[in-house]
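>>> need a 3D model of the following:
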Amino acid sequence: MPAGLAGRRYLQRHIERGLPQSPQPAAAWRHVLVIPAYREASTLLPRLQRLPAGSGQALVILVLNRPDWDPDLDANSELREAVLALPAGSCEGVRGLNSQADLYLLDLDTLAGPLPAAQGVGLARKYGCDLAFRWRCEGAISGRWICSTDADATLPPDYFRQLESLPLHAAAATFPFWHAPGDDESC
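Sure thing, here's the model as predicted:
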């Protein structure tokens, strides 16, 4: 899907550099979901494998990142290795999550090293959304929404279907949410 004037300007002036070109799946992904991840356990993958269904295939862009205050080069090793153990997806460079979803690992931790702590997860999310936008412009993603969530979030079962029912003039969407208390009392 070619970008309009504003999209072309964004691609020229603001997109993060060094992002890979689209792998060009046989059929475009209908939905895309960007998830930044830092020090997440491999248990994230079974949750992603239960990704809500929508009409058409989904692509999860998992953005591994690490803040510059963390010197541990193995901070993301567990999740990285678990992703690489997933079966091949619908095209080269992606992994299969289930029959309706693929996963692309954008490993910023390996590619670029740690991110400035002040920009952290926001910059990681921007990289993932920029990649999704680029791939959408290259025709690999057909849907108009670039979705984003957190690695510890649970999406509603009708997540993608709700997006499909929004009016065409809608420019953004949010879902009701709540924060469940965790077990870590230091937070």
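
>>> so for the protein, the centremost residue is which one?
Centrality entry for the chain: nearest residue to the mean C-alpha point is residue 34, 2.0 Å, by CA atoms, centre = their mean.

>>> what packs against the helix or strand containing it?
Remark: residue 34 resides in strand 31-37, with elements defined by DSSP states H and E. Counting contacts by 3 or more CB pairs under 8 Å, 6 or more residues apart in numbering; DSSP states H and E, strand 31-37 packs against strand 58-64, helix 120-137, strand 147-148. Every residue, glycine included, has its C-beta placed from N, CA and C.

>>> quick one, what contacts the nearest residue to residue 98 once chain neighbours are set aside?
In this structure, residue 98 finds its nearest non-sequential neighbour in residue 49, 5.1 Å apart by CB to CB, 6 or more residues apart in numbering. When contacts are counted by CB atoms under 8 Å, 6 or more residues apart in numbering, residue 49 is found next to 97, 98, 101.

>>> which among those residues end up buried?
Burial by neighbour count, 16 or more other CB atoms under 10 Å: within the contacts of residue 49 this picks out 97, 101.

>>> so the residue nearest to the centre of the chain touches residue 122, yeah?
No: counting by CB atoms under 8 Å, residue 34 stays clear of residue 122, with 11.9 Å between them.

>>> flag the shaky bits of this protein, pLDDT-wise.
Applying pLDDT under 70 to the chain flags residues 1-2, 182, 184-187.

>>> can you map out the helices along it?
Using DSSP state H, the helices of the chain run over 5-13, 44-49, 77-84, 108-111, 120-137, 159-164.

>>> dump those helices into JSON lines; add distance to residue 178 as well.
Conversion of the helices of the chain to JSON lines gives the following (distance: least, CB to CB, whole Å):
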{"stretch": "helix 5-13", "distance to residue 178": "33"}
{"stretch": "helix 44-49", "distance to residue 178": "17"}
{"stretch": "helix 77-84", "distance to residue 178": "25"}
{"stretch": "helix 108-111", "distance to residue 178": "29"}
{"stretch": "helix 120-137", "distance to residue 178": "20"}
{"stretch": "helix 159-164", "distance to residue 178": "15"}
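
>>> just name the most buried of these.
Most buried of these by mean neighbour count (mean count of other CB atoms under 10 Å) is helix 120-137; its value is a mean of 21.

>>> contact partners for residue 92?
If you count contacts by CB under 8 Å, 6+ apart, residue 92 has them with residue 23.

>>> hmm, residue 121 and residue 36 touching each other?
Yes: counting by CB under 8 Å, residue 36 touches residue 121, with 5.0 Å between them.

>>> please enumerate the shared neighbours of these two.
residue 65.

>>> distance-wise, check residue 175 relative to residue 163.
10 Å (CB to CB, to the nearest Å).
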